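In: I would like to see how this sequence folds:
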Amino acid sequence: MIAALDIARLGRWLDGIGVPGDGAAPVVERLTGGSQNELYTVSRAGERAVLRMPPRGADAARVSGLHRELRLLGALKGTDVPHAELIAGDAAGEVLGMPFYLMREIDGWSPAATWPTPFDRDPQRRRELAFALVDGIARLARVDWRARGLDGFGRPEQFHDRQVDRWLAFLSPYRFRELPGLDAAADWLRRHWPAGYEPGIMHGDYQFANVMYHHGTPARLAAIIDWEMTTVGDPLLDLAWALLGWDGEQPRQDGFYIDVSGMPGRSELLAHYEQVSGRSTADIDYYLVLANWKLAVVLEKSYAALVRGEAVDPKVEMFGPLVLQLLATAADLARSLPGGS
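Out: As a prediction, this is how the structure comes out:
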């Protein structure tokens with residue numbers, strides 16, 4: 001609730017960090033759209049920013065996630081990665097009772113279930129959306145994370161060695177049904193780690209829903225958003241995550257959750273990623289198996305909660321068949337690759 005925020009203390013904090021309007025009370029309005037944290041617009045002296053903080057009573061994991069976002073956005077400041085620029089943050093939670101950070105407001109739009117005009121009917125314009133999406137994650141992949149002070153931000157050593165066991169352990173407490181393809185894909189992943197692995201910053205959930213575009217055409221990425229899953233790991237997993245709506249070379253009309261028909265073929269997007277990031281995509285099939293498999297495991301937790309009567313969002317019901325589809329895709333792709341069976 002907005003009433004729970006101490007507007008006077010927030011105003012004094014804004015004074016202390018040099019936000020225009022010294023001494024004036026900020027106007028604070030609640031925003032919708034944050035799935036893990038609360039969002040507010042903060043306006044003063046004609047300047048608008050966005051405040052992000054965990055809800056009251058948030059557990060330690062969610063608070064830790066916000067600390068990670070705060071650190072990551074600080075590290076990205078001054079880079080060419082599209083993001084909401086960090087103004088300042090209160091990691092200790094001394095000002096509002098919970099940690100928070102303040103970032104520049106982005107004037108843009110984020111994809112939902114359908115594309116806005118003209119992207120809904122112009123195939124050429126839709127191609128631009130995909131290239132812009134891949135461009136953003138390619139720019140993130142080339143950031144020198146050590147030079148940006150992100151040592152200790154993740155555990156990049158043996159990243160791929162841990163993936164299967166980590167996510168199977170994540171699944172174990174709530175597994176309640178047979179999941180065909182889970183073990184076959186897991187076995188293949190254990191035996192086919194990528195030959196070359198260069199650690200880099202990962203978003204962790206990179207997809208159309210987690211970016212914003214500038215208004216108008218041509219399509220240009222305004223910001224990558226929702227950094228809850230960020231870490232230092234393998235950026236190529238982000239690329240595979242972004243390509244889940246493609247069936248081999250071709251984009252699917254049903255995509256993953258939005259229509260991607262008319263977008264570039266996968267090979268065109270891989271070439272663009274390589275050109276911008278400087279990274280090879282030769283092992284992309286491994287990452288596609290891992291992306292389908294891992295997302296299935298993550299979504300199964302929400303679906304299991306629905307089956308147990310613990311989830312209230314009716315959209316979660318679609319996760320039931322989607323999990324099976326993702327696992328089938330992972331297993332089928334693994335079987336079609338060298339070493340598959």
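In: so where do the strands sit in the protein?
Out: For the chain, the strands defined by DSSP state E occupy 27-31, 38-44, 47-53, 86-90, 100-104, 108-109, 200-202, 211-214, 221-224, 231-233, 246-247, 250-251.
In: most neighbours per residue, which of those strands?
Out: Burial of these is given as mean neighbour count (mean count of other C-beta atoms under 10 Å); strand 200-202 ranks first at a mean of 25. C-beta coordinates here come from the backbone N, C-alpha and C atoms, glycine included.
In: that one packs against which elements?
Out: helix 123-141, strand 231-233, helix 235-242 (3 or more C-beta pairs under 8 Å, 6 or more residues apart in numbering; DSSP states H and E).
In: show me the helices in the protein, by range?
Out: With helices called from DSSP state H, the chain shows them at 7-16, 60-76, 123-141, 159-171, 182-191, 235-242, 266-277, 284-307, 319-336.
In: got a markdown table for those helices, with mean neighbour count, mean pLDDT and distance to residue 209 too?
Out: Shown next, in a markdown table, are those (neighbours: other C-beta atoms under 10 Å; pLDDT from 0 to 100; distance: least, C-beta to C-beta, whole Å):
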| stretch | mean neighbour count | mean pLDDT | distance to residue 209 |
| --- | --- | --- | --- |
| helix 7-16 | 16 | 95 | 29 |
| helix 60-76 | 18 | 93 | 17 |
| helix 123-141 | 21 | 94 | 11 |
| helix 159-171 | 15 | 95 | 21 |
| helix 182-191 | 18 | 96 | 24 |
| helix 235-242 | 26 | 97 | 11 |
| helix 266-277 | 18 | 98 | 18 |
| helix 284-307 | 21 | 95 | 13 |
| helix 319-336 | 19 | 95 | 14 |
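In: what would these look like in a markdown table with distance to residue 227?
Out: Below are the helices of the chain laid out as a markdown table (distance: least, C-beta to C-beta, whole Å):
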| stretch | distance to residue 227 |
| --- | --- |
| helix 7-16 | 22 |
| helix 60-76 | 5 |
| helix 123-141 | 10 |
| helix 159-171 | 18 |
| helix 182-191 | 26 |
| helix 235-242 | 12 |
| helix 266-277 | 19 |
| helix 284-307 | 16 |
| helix 319-336 | 23 |
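In: select, out of those, the one closest to residue 250.
Out: With C-beta to C-beta as the criterion, residue 250 lies closest to helix 266-277 of those, at 7.7 Å.
In: what comes into contact with stretch 269-286?
Out: For stretch 269-286, the surrounding residues in contact (C-beta atoms under 8 Å, 6 or more residues apart in numbering) are 130-131, 134-135, 137-139, 141-142, 189, 192-196, 198, 200, 235-236, 239-240, 243, 333, 337.
In: ugh, wrong one, stretch 218-227
Out: Stretch 218-227 is contacted from outside by 34-36, 68-69, 72-73, 81-84, 106-108, 110, 119, 125, 128-129, 131-133, 135-137, 140, 203-206, 210-214, using C-beta under 8 Å, 6+ apart.
In: pretty sure residue 330 is touching residue 292, no?
Out: Yes. Using C-beta atoms under 8 Å, residue 330 makes contact with residue 292 at a distance of 3.9 Å.
In: hey, what's in contact with both of those two?
Out: Common neighbours of residue 330 and residue 292 (C-beta under 8 Å, 6+ apart) are residue 185.
In: so what pLDDT did residue 93 get?
Out: Listed pLDDT for residue 93 reads 93.
In: ok, residue 117 next?
Out: In this prediction residue 117 is given a pLDDT of 90.
In: phi, psi of it?
Out: For residue 117, the backbone dihedrals (degrees, to the nearest 10) come out as phi -70, psi 140.
In: could you report the neighbour count for it?
Out: Per other C-beta atoms under 10 Å, the neighbour tally for residue 117 reads 8.
In: what's the neighbour count on the closest residue in space to residue 62 that isn't next to it in sequence?
Out: Leaving out its chain neighbours, the residue that sits closest to residue 62 by C-beta to C-beta, 6 or more residues apart in numbering is residue 54, at 4.8 Å. Residues near residue 54, counting by other C-beta under 10 Å, number 22.
In: my read: residue 54 touches residue 97, true?
Out: No. Assessed by C-beta under 8 Å, residue 54 is found out of contact with residue 97, at 10.5 Å.
In: the helices of the chain: which one's closest to residue 48?
Out: helix 7-16 (12.3 Å).
In: could you export the closest one as CSV, CA atoms only?
Out: Output in CSV follows, covering the C-alpha atoms of helix 7-16 (Å, rounded to 0.1, in the frame of the first residue of the first chain):
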residue,chain,number,x,y,z
ILE,A,7,6.8,9.9,2.0
ALA,A,8,8.5,12.4,4.2
ARG,A,9,11.5,10.2,4.7
LEU,A,10,11.6,9.3,1.1
GLY,A,11,11.6,13.0,0.2
ARG,A,12,14.6,13.6,2.6
TRP,A,13,16.4,10.7,1.0
LEU,A,14,15.8,12.2,-2.5
ASP,A,15,17.2,15.5,-1.2
GLY,A,16,20.3,13.7,0.0
